[in-house]
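*Asks:* how would this look folded up:
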Amino acid sequence: MHQVVSVLRVVCFGVFLNLMVSEAKAQYLEVDTTAFIEWSEDLYMNWADYRFRNYSKEDGSGMALTSVMHSVRGGIIKGQPKFEVKVLFVKEDSWTTDSTSITLLAHEKLHFDIAELYARKIRKQIDQLFKDGERDLKVYNKYVKQLLGDFKRYSHNYDSKTRHGRNFDEQKVWFESVYSELERLKDYYK
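*Replies:* This next block holds a predicted model:
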């Protein structure tokens, strides 16, 4: 039986443009699909999305690293928040030593899904701030940074509690929890 170990490199990336006066000045991210994979509901990741590293541990366990990035761009346009929040898998920085383990791939995919969960939380927070009448871009920035910090802690907790995917019972609990939360926040998908 192969044991799995995953390593998560969380890249929290937030770009906030200065206060803008018109949508014509908004600079949104055009995703370079040769370097990144944007999260989507119908995405099926596979090991071909990762670089292979020829490395073997004495116990035969596979290792992987999933690098994800949040891109948060936008500003206050005509008194309203206009933000674009994307979750990107960084191909160049993501790797595996075992391109056969379905268990390890599922664990790694959940890291990407957790990043989307936090993107939805960011979108929800932006929506709530606007509903509450907030128009100060600094306040939006503060909450986005806080949620990105929460994401990083949550991701590390996921690896710790599941022992990087080796605790299958705990892994199942995390799958159910994350997918339940994604469903609960489905209104904040894009």
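*Asks:* Which of the three states applies to Val85?
*Replies:* strand (DSSP: H, G, I helix; E, B strand; the rest coil).
*Asks:* Restricting to C-alpha, output the longest strand belonging to the chain in PDB.
*Replies:* The residue-count maximum for a strand in the chain (DSSP state E) belongs to strand 62-77. The C-alpha coordinates for strand 62-77 follow below in PDB (Å, rounded to 0.1, in the frame of the first residue of the first chain):
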ATOM      1  CA  GLY A  62       4.500   9.500  -2.500                       C
ATOM      2  CA  MET A  63       4.700  13.200  -2.000                       C
ATOM      3  CA  ALA A  64       3.000  16.100  -3.700                       C
ATOM      4  CA  LEU A  65       2.900  19.900  -3.500                       C
ATOM      5  CA  THR A  66      -0.100  21.900  -4.700                       C
ATOM      6  CA  SER A  67       0.500  25.600  -5.300                       C
ATOM      7  CA  VAL A  68      -2.700  27.800  -5.400                       C
ATOM      8  CA  MET A  69      -3.100  31.500  -5.800                       C
ATOM      9  CA  HIS A  70      -5.900  33.900  -5.100                       C
ATOM     10  CA  SER A  71      -6.100  36.800  -7.500                       C
ATOM     11  CA  VAL A  72      -8.400  39.600  -6.000                       C
ATOM     12  CA  ARG A  73      -8.600  42.600  -8.300                       C
ATOM     13  CA  GLY A  74     -10.900  45.500  -8.500                       C
ATOM     14  CA  GLY A  75     -12.000  48.600  -6.600                       C
ATOM     15  CA  ILE A  76     -14.900  50.900  -6.000                       C
ATOM     16  CA  ILE A  77     -16.400  52.000  -9.300                       C
END
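*Asks:* what helices or strands is that strand leaning on?
*Replies:* strand 4-11, strand 80-90, strand 95-96, helix 102-131, helix 137-162 (3 or more C-beta pairs under 8 Å, 6 or more residues apart in numbering; DSSP states H and E). No exception for glycine: its C-beta is placed from N, CA and C like everyone else's.
*Asks:* Centre of the chain to that strand, how far?
*Replies:* Chain-centre distance of strand 62-77: 5 Å, with C-alpha atoms, centre = their mean, to the nearest Å.
*Asks:* got the contact list for the residue nearest to the spatial centre of the chain?
*Replies:* Nearest to the mean C-alpha position of the chain, by C-alpha atoms, centre = their mean, lies Ala115 at 2.0 Å. Each residue near Ala115 by C-beta atoms under 8 Å, 6 or more residues apart in numbering is listed here: Val10, Trp39, Val68, His70, Val87, Phe151, Ser155.
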